[in-house]
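Visitor: Mind folding the following:
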Amino acid sequence: DEAKAMSVSWESREKQLIRFEITANQLDSGTLLDAGCGLGGLADYLKEKKPEISYFGIDIFTPFIAHCHAKGLRTRTENLFKLSEAYDYIVALGTFNLNGGIENGIKHLLPLCRKKLIVNALHSTYKKSDKLLTSDPEKITQSLIEWANDERILPSSFYEKSDIIYDKRLPIDFFLVISK
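Guide: Predicted structure coming up:
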């Protein structure tokens, strides 16, 4: 399990499970898209902890999807920017740490999300690795508020419906949770 966590650029299996726990605490029943599903670790976690969630995953890395299919998971190879179906929940856990584009990703996924969009990323104060990208959640939130107002995507209560979650067990991470 540790090797699987490392293969998808998680620091450790323990930290990966903490991310899954924080995410699961945001969910009720419904459909969930895991954007950047990797080897399907979140699906395995939710199967045990939140069986009422109907899971679907996408990833751009075909070998990861092949691994998920071998486990019987509903997944497909797809770029999240090409996605057009709606889901109750959309989660992107660490997805933007490798590829960037967090604001554009959120702007694309938010209209497809019926209940909550949950994004986990590394905080901009973290500078340990050259290969991992970081983000400033406060700047992202402000930018999204301006975008939502300009595009009339969300009501003016957007800020009240978004939370930035920090957890002391993950000192370099943050979760941006946008409720609709």
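Visitor: wait, doesn't Leu80 sit right on Cys37?
Guide: No: at 10.4 Å, Leu80 does not count as touching Cys37 under the criterion of CB atoms under 8 Å. Any C-beta I mention is one placed from the backbone N, CA and C, and that applies to glycine too.
Visitor: of these two, who's got more company?
Guide: It is Cys37, of Leu80 and Cys37, that has more neighbours when counted by other CB atoms under 10 Å, with 29 against 22.
Visitor: Apart from its neighbours in sequence, what residue is nearest the more buried one?
Guide: Distance criterion CB to CB, 6 or more residues apart in numbering; nearest residue to Cys37, sequence neighbours excluded, is Gly57 at 2.9 Å.
Visitor: my guess is the one you found is in a helix, correct?
Guide: No: using DSSP: H, G, I helix; E, B strand; the rest coil, the secondary structure at Gly57 is strand, not a helix.
Visitor: now the strands for the protein?
Guide: Under the criterion DSSP state E, the chain carries strands at the ranges 30-35, 53-59, 75-77, 87-93, 113-122, 162-165, 173-179.
Visitor: what's the most buried one of those strands?
Guide: Of all these, strand 87-93 carries the top mean neighbour count, a mean of 24, counting by mean count of other CB atoms under 10 Å.
Visitor: now the residue nearest to Cys37: how far from His67?
Guide: Per CB to CB, to the nearest Å, Gly57 is found 11 Å from His67.
Visitor: hey, what's in contact with both of the two?
Guide: The contact sets of Gly57 and His67 overlap at Gly40 (CB atoms under 8 Å, 6 or more residues apart in numbering).
Visitor: can you list the strands of the chain in a markdown table and add mean pLDDT and distance to Leu132?
Guide: Shown next, in a markdown table, are the strands of the chain (pLDDT from 0 to 100; distance: least, CB to CB, whole Å):
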| stretch | mean pLDDT | distance to Leu132 |
| --- | --- | --- |
| strand 30-35 | 98 | 18 |
| strand 53-59 | 97 | 17 |
| strand 75-77 | 96 | 23 |
| strand 87-93 | 97 | 14 |
| strand 113-122 | 93 | 6 |
| strand 162-165 | 88 | 19 |
| strand 173-179 | 92 | 11 |
